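In: Task: produce atomic coordinates for the following.
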Amino acid sequence: MSKTKTLSLGLGAIVAVGAAILPMTAYADNEPTSEAYVDINVNVSTVLSMTLNTHSVAAAGGSTGAYVCDTTATPNCSGVSQVAAIEMLPNSVDLTTMYTDVSVSTNSAAGFTLTLIDSDDNNNLVNANSDTINAISSKPAAGSNAGWAVSVNATDVWNKVPKNAGAVDPAEQPLVIENYTPATPSTTVGRVNTVHYGVATSDTQPTGTYTDTVVYTATVNGSGSSSSSSQQSQ
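Out: The predicted model follows:
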């Protein structure tokens, strides 16, 4: 009698185990699930910087030292001046002594535009007595073509620096030094343009220190991000 009970209990244990496994197998493929996605976005900001390094005989060592305008540190920084200065006689010309190396860097794949314009609506060099050395759009020459103009990258093409006339004279637009777009999308580092300031005096040029100020502006193409600095010529 007791042996039968023992056998029955053993069979009962086997059946119970079988009954417990089968439902788990059957439900495994039918359990409800839910999915959700997370997008990882890394936004890298546009960076623009411009360095001016001006050379002239008036500066010790021939250079005033570099001025760096970095939009990551000071957005749209401006207002810092460098000075280019020479001594001249009447009926003389200087096309090479005064110049500025303008270096622009940006991580924008669209590149940048570098422009030059006068700081105000008078683009002549003027002394304390209101005598002038006029802004001209041709190569300055002693006596015969007195005036001042700029040349980019040692070419023999000379341009007048436009007036900063705004709405008063819409025809006066900034002079484009370079509109640069990389051949392949890449970071632009230290792309340099050299701007010479050429000056010629007339044979009757009055004495005095003639001055004017121009402004360089670098702007990322397709955006409003810009960097500017002024350059005083005398």
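In: Can you classify residue 176 by secondary structure?
Out: Following DSSP: H, G, I helix; E, B strand; the rest coil, residue 176 is assigned to strand.
In: which residues in the chain form strands?
Out: Per DSSP state E, the chain carries strands over the ranges 48-55, 63-70, 81-84, 93-94, 99-106, 112-118, 125-126, 132-133, 147-152, 158-159, 175-180, 188-200, 212-220, 226-233.
In: now the second one and strand 99-106, what's the angle there?
Out: With axes from the mean of the first three to the mean of the last three C-alpha atoms, to 10 degrees defining the directions, strand 63-70 sits at 20 degrees from strand 99-106.
In: Give me the sheet partners of strand 63-70 and which way each runs.
Out: Taking DSSP bridges as the criterion, strand 63-70 forms sheet pairs with strand 48-55 (antiparallel).
In: Quick one, grab the pLDDT at the residue most central in space within the chain.
Out: Geometric centre of the chain, nearest residue: residue 48, 3.9 Å, by C-alpha atoms, centre = their mean. pLDDT, residue 48: 92.
In: now residue 12
Out: So residue 12 comes in at 36 (pLDDT).
In: From here on, call the first residue 810.
Out: Got it, the first residue is 810 from now on, which makes the last one we talked about residue 821.
In: how many neighbours does residue 952 have?
Out: The burial count assigned to residue 952 is 15, neighbours taken as other C-beta atoms under 10 Å. The way it works is simple: take the backbone N, C-alpha and C, and place the C-beta from them, glycine included.
In: So what touches stretch 891-910?
Out: Stretch 891-910 has contacts (C-beta atoms under 8 Å, 6 or more residues apart in numbering) with 860-868, 873-874, 876, 948-952, 960, 1001-1014, 1025, 1038-1043.
In: Now that stretch: average pLDDT?
Out: Taken as a whole, stretch 891-910 carries a mean pLDDT of 94.
In: for stretch 963-980, same thing?
Out: The average pLDDT for stretch 963-980 rounds to 89.
In: Now do that stretch: distance from first to last residue.
Out: 27 Å (C-alpha to C-alpha, to the nearest Å).
In: Return the set of buried residues in it.
Out: By neighbour count on 16 or more other C-beta atoms under 10 Å, the buried set for stretch 963-980 is 967-974.
In: I'd like these written out as a markdown table, with distance to residue 893 added.
Out: A markdown table is the format used below for the buried residues of stretch 963-980 (distance: C-beta to C-beta, whole Å):
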| residue | distance to residue 893 |
| --- | --- |
| 967 | 16 |
| 968 | 17 |
| 969 | 17 |
| 970 | 13 |
| 971 | 19 |
| 972 | 20 |
| 973 | 19 |
| 974 | 23 |
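In: May I ask which two of these are separated the most?
Out: Farthest apart among those by C-beta to C-beta are 967 and 974. That separation is 20.8 Å.
In: on that earlier part again, among the contacts of stretch 891-910, name the buried ones.
Out: The neighbour count (16+ other C-beta under 10 Å) marks 860-865, 867, 873, 876, 948-949, 951, 960, 1002-1011, 1014, 1025, 1038-1043 as buried among the contacts of stretch 891-910.
In: residue ranges with poor pLDDT in this structure?
Out: 810-838, 868-871, 1033-1034, 1038-1043 (pLDDT under 70).
In: repeat that for 50
Out: Residue ranges of the chain with pLDDT under 50: 810-831.
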